[in-house]
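Undergrad: let me see the structure of the following:
(one chain, ligands or ions: 2)
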Amino acid sequence: MNHFEYKNGEMHVEGVAVRELAERVGTPLYLYSSATLERHFQVFSQALWSKEALQSPKGEAPLIAYATKANSNLAVLQTLAEQGAGADTVSEGEIRKALMAGVAPEKIVFSGVGKTNDEMAFALKTGIYQINVESRPELERLSHVAGSLGLVAPIVIRINPGVGAGGHSKITTGGAKDKFGVSAAEAIALYGQAASDPNIAPMGIACHIGSQISDLTPMQAAFSKMKGWVQELRANGLSVERLDLGGGLGVPYFNQPEPPSPADFAQMVALTVGNLGVRYTFEPGRLIAANAGILVSRVIHVHERADSGQKFLVVDAAMNDLIRPAMYDAYHDIRPVCEPKDTKKGTYDVVGPVCETGDTFTRGRDLPVMKAGDLMAFMSAGAYGAVMGSEYNSRPLAPEVLVRDDKWAVVRPRPSYEDMMNQEVLPDWFRPRNMRASA
Ligand SMILES: Cc1ncc(COP(=O)(O)O)c(C=O)c1O
Ligand SMILES: N[C@@H](CCCC[NH3+])C(=O)O
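TA: Ligands and ions are numbered 1, 2, ... in the order given. Purely as a prediction, here's the structure:
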């Protein structure tokens, strides 16, 4: 069931008309469907939870740690926490948000190549499930931090399997030259070192090879290498209780290769690494959030070049609201909020007001004919949308609205210009003496 549908010619999110929300809250704005978030989490989790080969020896189901970075709005996190989601986090801020949303510490994973000592200390004191260690200096610092707190750090070591995959080179993480994780040989040496360190409890290994992966082949290749390394560690007399296989499964962005379903993914995982005597962790982000959200924008005007006839649809959303097209040449389907009666199409470059040519959502796209004031939606914008927003060009961050059935709530308001500027004022004492208010 799709929760973004046209009813009486108008796009609705669940039971709420998008036009009405745009009028009440103003544009640009992000809209999320609770039902879609819940459904995506359940479909993915059930696919993995239903596989007997993926139960741990103690009978635990895999931990599904939602990759908070995809959309860390607290209301979104809370919605997912209520479904049983854990959280894959990459900063103290994300750990704090996950906790505030009600995710239990024992369901929180902390990844990232540059955790600071303070962040490590916070994670340890919180008692999270595991820290995914990505390098030797990190392991050494973690040992020191844990020792000084009198705590033992539960870790897995992130291996860079040398198999990169994903929708763009900037989001491929498992290639041998990518910054994430250590080589298998180094991981095996580090694991041994960790096992003899009283401040560290090595629990297993982790990998995550990229994002927007539309083919199971590279995942299968990486996972089967991971299985080999679990066996190698055990052959060295080391205990391995956990295997974290990351996230990365792609979503159907309109006009792109259809990615494998969660059921196909679960089947591949069970066949490749099932029954390994470990507890599994998965870290889906985009899969849960991307198609649960849209960015709604209004056409400011249509600029038609007099000489060439090139038409620019100038809209009030910009690259500061949704950076994916500028950063990864990403494709987002664009739909009118109100279905036009006329089936005529126009060919448009859709651009925002920001002073960069990169602030172009698409070039030469055939869309229904649009005019100033019309509303349109960038589809599949629930993941890596609002979270990557900035105030570039002094534009306030777009507000976020969560819908459930026929109810809605602003779950992050648009900041006022005063809020935006309050922090940036030059203190009086800093100014030349003769220019101070007190002078
Ligand atoms: C370690 C880790 N886990 C999970 C994810 C989530 O990826 P995705 O949103 O593609 O599922 C990422 C992002 O690529 C990541 O770096
Ligand atoms: N921000 C990226 C995904 C990054 C994945 C996180 N490691 C995107 O919008 O596609």
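
Undergrad: cross-check the contact I'm expecting between Glu400 and Val411.
TA: Yes: Glu400 is in contact with Val411 according to C-beta atoms under 8 Å; the separation is 5.2 Å. C-beta: built from backbone N, CA, C; applies to glycine.

Undergrad: name the residues contacting each of the two.
TA: 32, 73, 75 (C-beta atoms under 8 Å, 6 or more residues apart in numbering).

Undergrad: now intersect the residues you listed with the strands, please.
TA: Members of the shared contacts of Glu400 and Val411 lying in strands (criterion: DSSP state E): Tyr32.

Undergrad: out of the shared contacts of Glu400 and Val411, who's the most crowded?
TA: The residue in the shared contacts of Glu400 and Val411 with the most neighbours, by other C-beta atoms under 10 Å, is Tyr32 (28 neighbours).

Undergrad: so what sits opposite that one in the bridge?
TA: Gly293, Leu402 (DSSP bridges).

Undergrad: report the separation between Gly112 and Ala65.
TA: 14 Å (C-beta to C-beta, to the nearest Å).

Undergrad: who has more neighbours out of those two?
TA: Under the criterion of other C-beta under 10 Å, the comparison of Gly112 against Ala65 puts Ala65 first, with 28 against 19.

Undergrad: helix/strand/coil for Leu342?
TA: Check again: residue 342 is Asp, not Leu. Judged by DSSP: H, G, I helix; E, B strand; the rest coil, the three-state class of Asp342 is coil.

Undergrad: can I assume it is in contact with Val369?
TA: Yes: using C-beta under 8 Å, Asp342 makes contact with Val369 at a distance of 6.3 Å.

Undergrad: comparing the two, which residue is more hemmed in?
TA: Val369 (15 against 7).

Undergrad: secondary structure element holding the spatially closest residue to that one that is not a sequence neighbour?
TA: Closest residue to Val369 apart from its sequence neighbours, by C-beta to C-beta, 6 or more residues apart in numbering: Gly346 at 4.6 Å. Element membership for Gly346, per DSSP states H and E: strand 345-351.

Undergrad: okay, now the sheet partners of that strand, with direction.
TA: strand 311-315 (parallel), strand 360-368 (antiparallel).

Undergrad: in TSV, list those along with distance to Gly84.
TA: What follows is the strands paired with strand 345-351, written out as TSV (distance: least, C-beta to C-beta, whole Å):
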stretch	distance to Gly84
strand 311-315	38
strand 360-368	36
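
Undergrad: which of those strands sits closest to ligand 2?
TA: strand 360-368 (13.8 Å; C-beta to the nearest ligand atom).
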